[in-house]
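Peer 1: quick one: sequence plus predicted model below, questions after.
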Protein chains: 2
Amino acid sequence: MTENDHSDPSRGADGLFNRSLARGLSVLESFRDADRPLSLAEIASRTGLTRSAAQRLVHTLRKLGYLTLADDGRGFLLNLPILDLTHDYLRMNPVLRRASPVLLELRRQVQERVDLSLFDGVRMVYATRLQSKREAFFATLVGHSVPVTGSSGGWAALALLPDAEIDAILARAPLRALTPRSLTDPDAIRAQIAAVRRDGHALALEQVLMGEVAIAMAISDPQGRPVGAVHIAGSLAEWQPEDFRRRMAPPLAAAIRSLRAA
Amino acid sequence: MTENDHSDPSRGADGLFNRSLARGLSVLESFRDADRPLSLAEIASRTGLTRSAAQRLVHTLRKLGYLTLADDGRGFLLNLPILDLTHDYLRMNPVLRRASPVLLELRRQVQERVDLSLFDGVRMVYATRLQSKREAFFATLVGHSVPVTGSSGGWAALALLPDAEIDAILARAPLRALTPRSLTDPDAIRAQIAAVRRDGHALALEQVLMGEVAIAMAISDPQGRPVGAVHIAGSLAEWQPEDFRRRMAPPLAAAIRSLRAA
DNA sequence: ACATCTGTATTGCTATCCGATACGGCTGCA
DNA sequence: TGCAGCCGTATCGGATAGCAATACAGATGT
């Protein structure tokens, strides 16, 4: 019985894995998509933990500051120290570090909203956001994500991948439509990717937000794999799509070029 | 020996505390102020963990996506899932939720940079940031923090507290100067707080950044305790400080007023 | 070629985490 | 006005899961 038999699967499987830490983080993650403070019972149910485990983990996270009891004493909420991690992540992110001056200069040139998003496999996650009066509260927040399938940056990123990989992503991607015009049909998305390969950039109409036109180019790592995208977004009330493309594509391309040099 | 003696202090002291989780989070926190990827040895040294513990914790965090091996295979870096927590935190933050529409409207009115920061006890932590060409990369990031003692928002927040509490904060606050003009002398800071109480707002000159004038008012909870501040920042190249104050104070006050009503 | 870093892997011991169970307070339905 | 059900909180014996020492392979840079 001291042998490595099935009585200790976790040992053979992954003896380095720390279950308590994983469970604790799953508590933090359980706030995904929550729209109000979560009670212990809700946390337990969302994470699959027992109420006891949730209690102990929440207690610990509270002592460390990551969670707080909501104002009315019912339910818990993520708390400020999260933003310290945010800052450390953003600050050390190699893509952002390189891109930041380029982004500011691009913004100065085009006088429209310039964003950077990071590629995740199936999503584009915004790492820098300009506030915009046209958008809803959530959408203006750092960490907001949109499907690769329905954003200019996503198409630009996908275009760098081999077709087989694109197929795999399209197969498992959520294909959630953010607007009535968001593409969800794989063939339509493949057509956009073909357009990116032809034009060198992606142009998207009302994929993320009605009334918005966006142009994007991908950022890649030295191996040529996509790691993110730079977007410029404008209003259809002010721009004809092709005018927007003609005006924005050159400075965007210049920005991406100088990014590659850096 | 089964008694609750000193051999088990953690039981009597805090039997609910999960040490593994705390240690795991301390690994994430160890990236604070790091300026390059951290090796296992560095993480161990920063956290006070053994190399073994650091290894297991890093392994786990890596499996969960929170850490990643740096590009060159030397050292680890915080990774994208951090931004998911960021988004969940910002999205559910009651202060931000209430303030967001007000911020956008204020921004529309004043056409200058409008930020919101959250009060921490000793720091003001930026929860929304507008990119600004005048500022360095780090300073434009969400999660960036400045001392309460040297920012308009900090003075505005402190002004809501009883003097005894202010003294306590001044005693333990870092008093780090961000510019040559940043106040660090407790009495000078107390004078600014007095000015806030008189004027209803804080006006700061070059406290966070040279060439910048900022005006701020605090946001408080129903008990009247400060939870954050709304800032408007302008350039001294374009504004005389008193002109800035006269122009910005009324719309700022209106914004804060409508926040209290909400 | 050696000293010294990386990150990775194994193992016996036992401290630490586990989860069932119980409690007092508050809400809201009856 | 009471009871049912939720809230967050507290306790405790048992054994699982985390612990730290130790060893290893590869890269770096003397």
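Peer 2: Okay, I see it.
Peer 1: any part of the helix or strand hosting A:S45 near DNA strand D?
Peer 2: Assigned by DSSP states H and E, A:S45 belongs to helix A:40-47. Yes. Looking at helix A:40-47 against DNA strand D by Cβ under 7 Å from any atom of the strand, the contacts come from A:L40, A:A41, A:E42. All C-beta spots, glycine's among them, are computed from the backbone N, C-alpha and C.
Peer 1: now for the first one, how many residues are close by?
Peer 2: One way to gauge burial is a neighbour count; for A:L40, by other Cβ atoms under 10 Å in any protein chain shown, it gives 18.
Peer 1: contact partners for it?
Peer 2: Residues in contact with A:L40 (Cβ atoms under 8 Å, 6 or more residues apart in numbering or on different chains) are A:R51, A:A54, A:Q55, A:V58, A:F76.
Peer 1: again, only this time at 7 Å
Peer 2: A:L40 makes contact with A:R51, A:A54, A:Q55, A:V58, according to Cβ atoms under 7 Å, 6 or more residues apart in numbering or on different chains.
Peer 1: what is the nearest of those residues to DNA strand D?
Peer 2: DNA strand D has its nearest neighbour among these in A:Q55, at 4.4 Å by Cβ to the nearest atom of the strand.
Peer 1: confidence score at that closest one?
Peer 2: A:Q55 carries a pLDDT value of 95.
Peer 1: identify the residue spatially nearest to it, adjacent ones excluded.
Peer 2: Distances taken as Cβ to Cβ, 6 or more residues apart in numbering or on different chains put A:L40 closest to A:Q55, at 5.7 Å, once the chain neighbours are dropped.
Peer 1: got a list of what A:E112 touches?
Peer 2: When contacts are counted by Cβ under 7 Å, 6+ apart, A:E112 touches A:I232, A:A233, A:G234.
Peer 1: quick check on the residues you listed: which are buried?
Peer 2: Those of the contacts of A:E112 that meet the buried threshold are A:I232, A:A233, A:G234, by 16 or more other Cβ atoms under 10 Å in any protein chain shown.
Peer 1: where in chain A is pLDDT low?
Peer 2: The model of chain A has pLDDT under 70 over residues A:1-13, A:130-139.
Peer 1: for the most centrally placed residue in it, helix, strand, or coil?
Peer 2: For chain A, A:V125 is the residue whose C-alpha lies nearest the centre (Cα atoms, centre = their mean; 1.6 Å). Following DSSP: H, G, I helix; E, B strand; the rest coil, the label given to A:V125 is strand.
Peer 1: so who does it touch?
Peer 2: When contacts are counted by Cβ under 7 Å, 6+ apart, A:V125 touches A:S117, A:L118, A:G143, A:S145, B:L80, B:L83.
Peer 1: please apply the same query to A:F76.
Peer 2: Contacts for A:F76 (Cβ under 7 Å, 6+ apart) come out as A:P37, A:L38, A:V58, A:L67, A:T68, A:L69, A:A70.
Peer 1: now A:R56
Peer 2: With contact set as Cβ under 7 Å, 6+ apart, A:R56 has these partners: B:L16, B:N18.
Peer 1: what helix or strand is it located in?
Peer 2: Secondary structure from DSSP H and E places A:R56 in helix A:51-63.
Peer 1: separate out the buried members of the contacts of A:L40.
Peer 2: For those, a burial check counting by 16+ other Cβ under 10 Å picks out A:A54, A:V58.
Peer 1: for the residue in the stretch 101-250 of chain A that DNA strand D sits nearest to, helix, strand, or coil?
Peer 2: Per Cβ to the nearest atom of the strand, A:P222 is where the stretch 101-250 of chain A lies closest to DNA strand D, at 14.7 Å. Put simply, A:P222 is coil when judged by three-state DSSP.
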